[in-house]
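[1] Next come a sequence and a model predicted from it.
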Amino acid sequence: MAPVVHIIDPDPDTVIVLKNPCTIFAPCDPEEASPKQAMCGGPVRVYYKTKKKKKKGKKLGEEHPQPSTSPPLQEPALVETPADSSMYNLDEGFTALAEPSSAVQRTPSPILPEEPEEESIHYHVSSRHLILASAAFRRMLARDGFAESVRNEADGLYHITAHDWDAEAFLIVLRIVHGRNKLIPREVPLEMLAKIAVLEDYYNFGEALDVFTEVWIRELTQRPIPQMHGRDLVLWIWVAWVFGIEQQFTKATATSIKQITGSLRTLDLPIPAIVSARHVLMHSR
């Protein structure tokens with residue numbers, strides 16, 4: 001499978017390779033809560049889940065069928081198909097195909113099982129913008145001893161590898177960092193803001209995201225905080241903690257404290273232990 005490529009900077013000196021992008025964000029434990037209730041009252045297994053591709057074909061060692069008395073089937077002929085071509089997502093919002101290869105693949109049938117390729121997404125960006133925006137990227141690119149600070153001999157670019165992030169949230173953040181403002185949504189749902197908060201917590205973009213996060217938060221705070229402890233309330237606690245929304249953080253944690261006992265179940269989001277400890281302290285009074 002050819003990677004999807006986002007050209008964020010038309011003259012890039014860096015490529016960020018996002019491997020194994022997340023497909024399920026902050027799930028509740030299905031054994032503890034139904035999809036409708038989503039109460040998130042039980043233990044949480046993972047923070048990000050990614051779908052695993054299943055292998056097709058027979059398992060090794062599987063017993064062969066008994067020979068048949070009917071006439072043997074004719075062996076299927078080779079099928080010729082054009083070679084797959086790479087898909088590029090241009091940052092203006094259009095999608096284009098790379099120059100197709102003139103080669104022709106000869107694919108025998110039936111197809112033998114193959115190892116699934118790891119999915120990846122490439123973001124072509126500017127190291128200068130990353131260094132100015134993020135302390136984490138600054139450490140990677142501006143210090144000796146880091147593999148990311150050395151240009152790749154094959155293409156002359158810096159290579160940075162990332163894992164498990166949400167691909168759309170990562171694209172939004174990188175577009176903000178590079179000043180591609182016309183492509184940034186003026187409103188995002190709570191879940192998307194929670195995904196962006198994960199990136200902010202990890203990379204420490206600081207003031208680089210402030211203008212847009214303030215707009216998004218202003219829109220979201222027009223809606224009331226959930227009155228039942230559940231997944232959305234936990235997401236609100238996470239978003240309010242990362243972006244310093246004091247009023248919403250107080251309301252969300254107060255609602256949660258009234259309805260659950262013990263520590264806060266965080267969906268395995270990196271909510272600081274002090275927040276969970278607050279629940280224990282309040283219930284012990």
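    Cool, the structure landed.
[2] Quick check: which element contains the closest residue to Phe137 other than its chain neighbours?
    Closest residue in space to Phe137, ignoring its immediate chain neighbours: Leu130 at 3.9 Å, by Cβ to Cβ, 6 or more residues apart in numbering. C-beta coordinates here come from the backbone N, C-alpha and C atoms, glycine included. Using DSSP states H and E, Leu130 sits in helix 127-133.
[3] helices and strands around that helix, which ones?
    Applying 3 or more Cβ pairs under 8 Å, 6 or more residues apart in numbering; DSSP states H and E, one finds that helix 127-133 makes contact with helix 135-142, helix 167-177.
[4] Out of those, flag the one nearest Leu18.
    Smallest distance to Leu18 across the helices and strands packed on helix 127-133 (Cβ to Cβ): 6.1 Å, for helix 167-177.
[5] buried stuff in stretch 162-175?
    By neighbour count with 16 or more other Cβ atoms under 10 Å, stretch 162-175 contains the buried residues Ala162, Asp164, Trp165, Asp166, Ala167, Ala169, Phe170, Leu171, Ile172, Val173, Leu174, Arg175.
[6] Looking at that stretch now, give me its mean pLDDT.
    Mean pLDDT, computed over stretch 162-175, is 96.
[7] Now do the residue nearest to Phe137: how many residues are near it, please.
    For Leu130, the neighbour count with other Cβ atoms under 10 Å is 27.
[8] what's the spacing between Tyr203 and Met228?
    Noted for Tyr203: a distance of 32 Å to Met228, by Cβ to Cβ, to the nearest Å.
[9] Likewise for Lys258?
    Using Cβ to Cβ, Lys258 is found at 10 Å from Met228.
[10] Repeat that for Ala133.
    Counting by Cβ to Cβ, the gap from Ala133 to Met228 is 37 Å.
[11] if we can go back for a sec, surely the residue nearest to Phe137 and Val173 touch.
    No: the pair Leu130 and Val173 does not pass the contact test of Cβ atoms under 8 Å, sitting 10.7 Å apart.
[12] Just want to know which of Ala133 and Met228 has more residues nearby.
    A count of neighbours by other Cβ under 10 Å puts Ala133 above the other of Ala133 and Met228, at 22 against 12.
[13] Now for that one: which residues touch it?
    Residues in contact with Ala133 (Cβ atoms under 8 Å, 6 or more residues apart in numbering) are Val177, Phe205, Gly206, Ala208.
[14] Could you tell me which of those residues count as buried?
    Val177, Phe205, Ala208.
[15] Including distance to Ile8, could those go into CSV?
    Formatted as CSV, these follow (distance: Cβ to Cβ, whole Å):
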residue, distance to Ile8
Val177, 9
Phe205, 15
Ala208, 14
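[16] about what we covered before: farthest-separated two in the buried residues of stretch 162-175?
    Within the buried residues of stretch 162-175, Asp164 and Arg175 form the most distant pair, 19.9 Å apart (Cβ to Cβ).
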